[in-house]
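[1] only geometry, no sequence info:
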Ligand SMILES: Nc1ncnc2c1ncn2[C@@H]1O[C@H](COP(=O)(O)OP(=O)(O)OP(=O)(O)O)[C@@H](O)[C@H]1O
Ligand SMILES: [Mg+2]
């Protein structure tokens, strides 16, 4: 008697939660000759005996919007810290626009996780932005500085909040101010670490709209870490799926296709990793 064919995982149910093969999904990578804003080359990082990043290699061309996905503990934040020059890899290297991470830092805009900000600090959005541009706290704000900060706040729909106190802002408003702050130095690369986490549904939609707009820019590249599948679907040109090493790298359109979805479980049985309306 012929045995039944093995069940095909559609991405849901126990079959899709079986251990995945340690073979990376190879999708369409950026053209080799496209100028790059970021090179991550063979990056390995250990904490004690634990290998958190294992030979991670990918690159981001100028203007590309990349989503960095992966389950909790996959090493995403560790990788961002290495890109920001806050930690040094044990092996491998990171180049920002061809420069070592520390030297290229001025080309990077960073939107931290909301919890990283001391919400009691007495400051207005205007001061927060000018301080970022100057590199120190402003005692007096010049006309030019005010104009630049206001232009950025207008871009992110937060102009009316310019003179408010940061501690009074909602989660979504805070993230809009941080996005304006990150854009104020005209970065080549924007790093967004779970910018919709802890933000209510309305605020989340506004932030995803803004990110989708940035995704259309040909000059600003971005790396977005998120567990929000809607944000990925709207913004991502390419996706890197990280789980200690790079498990998939390709166009979102490839990775979200039915077949490949189950192949890498990008949004599938791994409900913890990506959620339709999650952070
Ligand atoms: N400074 C550190 N010392 C020791 N272990 C660390 C340190 N930072 C991170 N780790 C460990 O490294 C692993 C990866 O952590 P990381 O924060 O990079 O994961 P993540 O992908 O950002 O997860 P999440 O989605 O939960 O934010 C975790 O097991 C974490 O406990
Ligand atoms: Mg993290």
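    Structure's in. What do you need? Because the structure is predicted, anything quoted here is derived from the model rather than measured. Ligands and ions are numbered 1, 2, ... in the order given.
[2] residues in contact with residue 109?
    181-185, 187, 189-191 (Cβ atoms under 8 Å, 6 or more residues apart in numbering). Any C-beta I mention is one placed from the backbone N, CA and C, and that applies to glycine too.
[3] Quick one: the strands in the stretch 51-200 of the chain, in order.
    Using DSSP state E, counting those that start in this stretch, the strands of the stretch 51-200 of the chain run over residues 65-69, 91-96, 99-100, 108-111, 189-193.
[4] For the stretch 151-279 of the chain, which segments are assigned as helices?
    Under the criterion DSSP state H, counting those that start in this stretch, helices of the stretch 151-279 of the chain are mapped to 171-183, 201-215, 229-235, 252-255, 258-264.
[5] chain center to the second one: distance?
    By that I understand helix 201-215. Distance of helix 201-215 from the chain centroid (Cα atoms, centre = their mean, to the nearest Å) equals 13 Å.
[6] For it, name the packing helices and strands.
    Under the contact criterion of 3 or more Cβ pairs under 8 Å, 6 or more residues apart in numbering; DSSP states H and E, helix 201-215 touches strand 65-69, helix 171-183, strand 221-225, helix 229-235.
[7] Now render the helices of the stretch 151-279 of the chain as a markdown table, adding distance to ligand 1 and mean pLDDT.
    Shown next, in a markdown table, are those (distance: least, Cβ to the nearest ligand atom, whole Å; pLDDT from 0 to 100):
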| stretch | distance to ligand 1 | mean pLDDT |
| --- | --- | --- |
| helix 171-183 | 17 | 92 |
| helix 201-215 | 17 | 90 |
| helix 229-235 | 14 | 88 |
| helix 252-255 | 18 | 82 |
| helix 258-264 | 16 | 45 |
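[8] any idea which of the ones you listed is most buried?
    Neighbour counts (mean count of other Cβ atoms under 10 Å) averaged over each of the helices of the stretch 151-279 of the chain peak at helix 171-183, with a mean of 24.
[9] how far away is the residue nearest to residue 234 when sequence neighbours are not counted from residue 65?
    Here the nearest residue to residue 234 in space, its sequence neighbours aside, is residue 212; by Cβ to Cβ, 6 or more residues apart in numbering that works out to 4.7 Å. Distance, residue 212 to residue 65, by Cβ to Cβ, to the nearest Å: 9 Å.
[10] anything in contact with each of these two?
    Joint contacts of residue 212 and residue 65 (Cβ under 8 Å, 6+ apart) are residue 235.
[11] who does the residue nearest the centre of the chain bridge with?
    Nearest residue to the geometric centre of the chain (Cα atoms, centre = their mean): residue 224, 1.7 Å. Per DSSP bridges, the residues bridged to residue 224 are residue 67, residue 192.
[12] ok, now which ones touch it?
    65-68, 192, 195, 211, 231-232, 235-236.
[13] And for residue 194?
    113, 225-227, 279.
[14] so what's residue 184 scoring on pLDDT?
    For residue 184, the pLDDT comes out at 95.
[15] dump the residue contacts of it.
    So residue 184 contacts 109, 129, 132-133, 148-149, 152 (Cβ under 8 Å, 6+ apart).
[16] Out of those residues, who's the most crowded?
    residue 129 (30 neighbours; other Cβ atoms under 10 Å).
[17] What separation is there between it and residue 36?
    Taken as Cβ to Cβ, the span from residue 129 to residue 36 is 28 Å.
[18] same thing with residue 235?
    According to Cβ to Cβ, residue 235 stands 20 Å off from residue 36.
[19] near ligand 1, which residues of the stretch 1-150 of the chain?
    47, 52, 70, 72-78 (Cβ under 6 Å from any ligand atom).
[20] Report the contact partners of the residue in the stretch 1-150 of the chain that ligand 2 sits nearest to.
    Minimum separation of the stretch 1-150 of the chain from ligand 2 (Cβ to the ion) falls at residue 77, amounting to 3.2 Å. Shown in contact with residue 77 (Cβ under 8 Å, 6+ apart): 193, 225.
[21] Kindly present the contacts of residue 109 as a markdown table, with separate columns for distance to residue 30.
    Listed next are the contacts of residue 109 as a markdown table, based on distance: Cβ to Cβ, whole Å:
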| residue | distance to residue 30 |
| --- | --- |
| 181 | 28 |
| 182 | 23 |
| 183 | 23 |
| 184 | 27 |
| 185 | 25 |
| 187 | 19 |
| 189 | 14 |
| 190 | 17 |
| 191 | 18 |
